[in-house]
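J.: sequence and computational prediction follow.
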Amino acid sequence: MSSNNERSEALARLNALFGGDSQVSVNNKMLDRLLMATVDLIESDASSLDFKIATTTLEEMTRAFDMFAPYRDKPKVSIFGSARTTPENPIYGLTARTAKALSDSGFMVVTGAGPGIMEAGMLGAGRENSIGVSIRLPFESGANSVIAGDEKYVSMRYFFTRKLMLVKESQAFLCMPGGFGTLDETFELLTLAQTAKSVPVPIVFLEVPGDPFWTPLMDTMEPLLRRHGLISDNDHTLYKIADSIDDAVNEIVGFYANYHSIRFVNDVMYLRMQREIPEEDFKALAAEFAFLAADGFIEQTAASGIEVKEADHPELFRVTMRYAGKGFASLRPFIDAINRY
């Protein structure tokens, strides 16, 4: 198709969208921003490479959004680990068995769709419960045999779009031993949680019993970072090191025993729960964790107006506060307390 034909098709589709003929349901403000950003880019002094990056990024994200859409309400766990791990390695079998246990607990498994740990996770979960987001590399042959050709698979040119999709869609993360790529993914997870740029999620570092990997790594790194004032004393609450399948699965499943999700409406945090906390017990919790709230007040309330309007789980119970934390390390003990009910 020529450039002129592509432009004509794009204009026709925009006319249909604004003329009301489109079946697309879209937030008008977001649509305006997207279109204006596109126009700004076209009118800018962007280079051909800049245009290529922007275009490819949007195309890849659109494909990935479409791929994930049918499974949006299905809980998912992303598994990170080395592509170099062979089936003979105990870590491979541990990954497969843990993925099966998570799948049996109702989670879909998301991996980078490559070999090694990524393949092991998909073998454990099975093709029907696996989602793959691969990266196109000159020395890798594409998707592994478990997910190749499946409708739940998409490939990416850029690492950053791939990483976004591996993180955005999941409610839990299992980090297996790996090299630079795995460590990059793992520490970005911690950074997002530390800075509250994500939502609270369980992050599990799983290692083989008798052959520790995460334990010596974090035992070396954390004291060094704390001594230089580079992390907070409670940042260790952002993750859990496990050396058994049961510990890993219990950490992930238990995180959602009562806690469901959070949403910020203006400056108010709405923490959603599946069950209401008895009044007297909640008073004690609110007093114990009052330091989390900027004004000291933590309340059980109904859904906000915008949550009701958007049908964003209005049936769930809620705890609200003006959260005073800079990240989610301080919030984790409160979530653990909620999960006891």
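T.: Everything's here; your move.
J.: ok, now which ones touch Tyr341?
T.: Residues in contact with Tyr341 (Cβ atoms under 8 Å, 6 or more residues apart in numbering) are Asn258, Met273, Arg275, Ile277, Pro278, Asp281. No exception for glycine: its C-beta is placed from N, CA and C like everyone else's.
J.: again, only using 6 Å
T.: The neighbours of Tyr341, taking Cβ atoms under 6 Å, 6 or more residues apart in numbering as the test, are Asn258, Arg275, Ile277.
J.: show me just the buried residues among those residues.
T.: Asn258, Ile277 (16 or more other Cβ atoms under 10 Å).
J.: doesn't Ile262 fall inside a strand?
T.: Yes - counting by DSSP: H, G, I helix; E, B strand; the rest coil, Ile262 is found in a strand.
J.: skipping its backbone neighbours, what lies nearest it in space?
T.: Closest residue to Ile262 apart from its sequence neighbours, by Cβ to Cβ, 6 or more residues apart in numbering: Leu271 at 5.0 Å.
J.: report the beta-bridge partner residues of the one you found.
T.: Leu271 forms beta bridges with Ile262, Val319, as assigned by DSSP bridges.
J.: since we're on it, how many residues are nearby?
T.: Leu271 has 23 neighbours, counted by other Cβ atoms under 10 Å.
J.: Met118 versus that one, what's the distance?
T.: Leu271 sits 33 Å away from Met118 when distances are taken as Cβ to Cβ, to the nearest Å.
J.: got it, and Gln171?
T.: Computed as Cβ to Cβ, the Gln171 to Met118 distance reads 19 Å.
J.: now do Gly210
T.: Going from Gly210 to Met118 by Cβ to Cβ gives 24 Å.
J.: higher neighbour count, the two?
T.: Ranked by neighbour count (other Cβ under 10 Å), Gly210 and Met118 place Met118 first, with 30 against 7.
J.: quick check: phi and psi on that one?
T.: Main-chain torsions, Met118, degrees, to the nearest 10: phi -60, psi -40.
J.: that one: what's it in contact with?
T.: By Cβ under 6 Å, 6+ apart, the residues touching Met118 are Thr111, Gly112.
J.: Leu316 now?
T.: His260, Arg272.
J.: one more time with 8 Å
T.: Listed by Cβ under 8 Å, 6+ apart, the contact set of Leu316 reads His260, Arg272, Met273, Gln274, Ala303.
J.: pLDDT added to those, as JSON lines?
T.: JSON lines is the format used below for the contacts of Leu316 (pLDDT from 0 to 100):
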{"residue": "His260", "pLDDT": "98"}
{"residue": "Arg272", "pLDDT": "98"}
{"residue": "Met273", "pLDDT": "98"}
{"residue": "Gln274", "pLDDT": "97"}
{"residue": "Ala303", "pLDDT": "96"}
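J.: what two of those have the greatest distance between them?
T.: Gln274 and Ala303 (13.9 Å; Cβ to Cβ).
J.: neighbour count winner among these two?
T.: Higher neighbour count among Gln274 and Ala303: Ala303, with 21 against 16, using other Cβ under 10 Å.
J.: and the closest residue to the more buried one other than its chain neighbours, how close does it get to Asn339?
T.: If the residues on either side of it in the chain are set aside, Ala303 comes closest to Pro314, at 4.2 Å by Cβ to Cβ, 6+ apart. Per Cβ to Cβ, Pro314 is found 22 Å from Asn339.
J.: and the strands in the stretch 151-300 of the chain?
T.: Under the criterion DSSP state E, counting those that start in this stretch, the stretch 151-300 of the chain carries strands at the ranges 153-156, 172-175, 203-206, 240-242, 259-265, 268-273, 299-301.
J.: Pro90 is nearest to which of the ones you listed?
T.: Proximity to Pro90 (Cβ to Cβ) singles out strand 203-206 among these, at 11.6 Å.
J.: hey, C-alpha coordinates of that closest one in PDB?
T.: Below are the C-alpha coordinates for strand 203-206, written out as PDB (Å, rounded to 0.1, in the frame of the first residue of the first chain):
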ATOM      1  CA  ILE A 203       7.600 -10.100  44.200                       C
ATOM      2  CA  VAL A 204       9.200 -13.500  44.900                       C
ATOM      3  CA  PHE A 205      12.900 -14.400  44.400                       C
ATOM      4  CA  LEU A 206      13.000 -18.200  44.200                       C
END
